[in-house]
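Peer 1: The sequence isn't on hand, but the structure is:
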């Protein structure tokens, strides 16, 4: 009997992983892709940028089995009845910053001011409220928020999906 060793070359499993922002917090997934960690583990990963709430919808619909988003998007989805689960959190601190006019030298000078935010929901507004409270300001009384919207590059980059489960 002759036995010839044969190495089976299986195809990589294709998987879409979504991320919600261009931020250092999401760098590990890019490093894993660029260094070949995913492919060495049998995965052909396509990284797709999708806004937080939409990424969770794609997750629930089964279009993207893994997403990297701020916790607030998952929590809001769960409050609406979804069954999304946070498996791990890669950051223990926020990477948001306040940017102001040069006349503002201290955080206390924000009192009575207007803060521009991308939306009134999600991680950015949560971080703003948290930071304002940390510096002794009441975000509901001491400042006003104005929605300035997202950058044009933040628009939906993912084809709409039909919701196969609860969205």
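Peer 2: Looks like it came in fine. Computed from a predicted model, the values in this text were never measured in an experiment. Numbering: from 1, shown residues only.
Peer 1: Leaving out the residues flanking it, which one is nearest to residue 52?
Peer 2: Nearest non-adjacent residue to residue 52, counting by C-beta to C-beta, 6 or more residues apart in numbering: residue 73, 3.7 Å away. All C-beta atoms are positioned from the backbone trio N, CA, C, and that covers glycine.
Peer 1: residue contacts, the one you found?
Peer 2: 20, 52-53, 55-56, 122-123 (C-beta atoms under 8 Å, 6 or more residues apart in numbering).
Peer 1: Over to residue 27?
Peer 2: Here residue 27 is in contact with no residue (C-beta under 8 Å, 6+ apart).
Peer 1: confidence score at it?
Peer 2: As predicted, residue 27 sits at a pLDDT of 85.
Peer 1: Among the contacts of residue 73, which one lies nearest to residue 104?
Peer 2: Nearest to residue 104 among the contacts of residue 73: residue 123, at 23.2 Å, using C-beta to C-beta.
Peer 1: Next one: the closest one relative to residue 41, how far apart?
Peer 2: Relative to residue 41, residue 123 is positioned 29 Å away (C-beta to C-beta, to the nearest Å).
Peer 1: more crowded one of these two?
Peer 2: residue 123 (22 against 11; other C-beta atoms under 10 Å).
Peer 1: Just confirm that one contacts residue 70, I think it does.
Peer 2: Yes - using C-beta atoms under 8 Å, residue 123 makes contact with residue 70 at a distance of 3.1 Å.
Peer 1: thinking again about what came up before, among the contacts of residue 73, which lie within helices?
Peer 2: 52-53, 55-56, 123 (DSSP state H).
Peer 1: Is it possible to get those residues out as a markdown table so that each row also shows pLDDT?
Peer 2: As requested, the ones in helices among the contacts of residue 73 are arranged in a markdown table below (pLDDT from 0 to 100):
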| residue | pLDDT |
| --- | --- |
| 52 | 79 |
| 53 | 83 |
| 55 | 88 |
| 56 | 89 |
| 123 | 75 |
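Peer 1: Please tell me which one of those counts the most neighbours.
Peer 2: Most neighbours among the ones in helices among the contacts of residue 73, by other C-beta under 10 Å: residue 55, with 28 neighbours.
Peer 1: thought that one was touching residue 69?
Peer 2: Yes - counting by C-beta under 8 Å, residue 55 touches residue 69, with 5.0 Å between them.
Peer 1: Overlap of the contact sets of the two?
Peer 2: 18-20.
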